[in-house]
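Peer 1: here is a sequence with its predicted model. Questions after.
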Amino acid sequence: QVQLVESGGGLVQAGDSLSLSCAASGIIFTYYTMGWYRQAPGKQRELVATITLGENKEYASAVEGRCTITRDNAKNTVYLQMNSLKPEDTAVYYCNANADFASDIYWGQGTQVTVSS
């Protein structure tokens, strides 16, 4: 059974930092590009950042320079460090695993990040 379990969300103030973690199980972690997406109320889910096995990273323009995605293949975990948070970063953040050589895609249950002004 595949599980992606996010943690680290919460309520912070604008300008604060937050670190999210996503622990994966039931998959061969190194076969997957890992990513973070977010969905704000009334909006579509959008890309935040992705990281390949080869450490190639992609960031949404809205977070580039403020967020860093990393992965620890020994721990089957992907992280998202978010700095200088803004109220518009408020959303449910979802972990994503996208198989590099297959069509398998998995999602976590999401973790709420709320940034107050």
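Peer 2: Received the coordinates, thanks.
Peer 1: how close does the closest residue to Ser116 other than its chain neighbours sit to Pro41?
Peer 2: For Ser116, the nearest residue in space outside its immediate sequence neighbours is Gln13; the separation is 5.4 Å by C-beta to C-beta, 6 or more residues apart in numbering. The C-beta positions use only the backbone N, C-alpha and C, and glycine is treated the same way. Applying C-beta to C-beta, to the nearest Å, one obtains 20 Å for the distance of Gln13 from Pro41.
Peer 1: what about these two, which has more around it?
Peer 2: For Gln13 against Pro41, the residue with the higher neighbour count under other C-beta atoms under 10 Å is Gln13, and the figures read 11 against 7.
Peer 1: tell me who's in contact with that one.
Peer 2: By C-beta atoms under 8 Å, 6 or more residues apart in numbering, Gln13 lies in contact with Leu85, Val115, Ser116, Ser117.
Peer 1: what's in contact with the helix or strand harbouring Ala97?
Peer 2: Using DSSP states H and E, Ala97 falls within strand 91-99. Applying C-beta under 8 Å, 6+ apart, the contact partners of strand 91-99 are 2, 4-6, 9, 20, 22, 24, 27, 29, 31-40, 43, 45, 48, 50, 78, 80, 104-113.
Peer 1: partners of the residue positioned nearest the centre of the chain in the sheet?
Peer 2: The residue lying closest to the centre of the chain (C-alpha atoms, centre = their mean) is Trp36, at 2.5 Å. On the basis of DSSP bridges, Trp36 is bridged to Ala49, Cys95.
Peer 1: pull out the buried residues from stretch 38-56.
Peer 2: Counting neighbours by 16 or more other C-beta atoms under 10 Å, one finds that the buried residues in stretch 38-56 are Arg38, Val48, Ala49, Thr50, Ile51.
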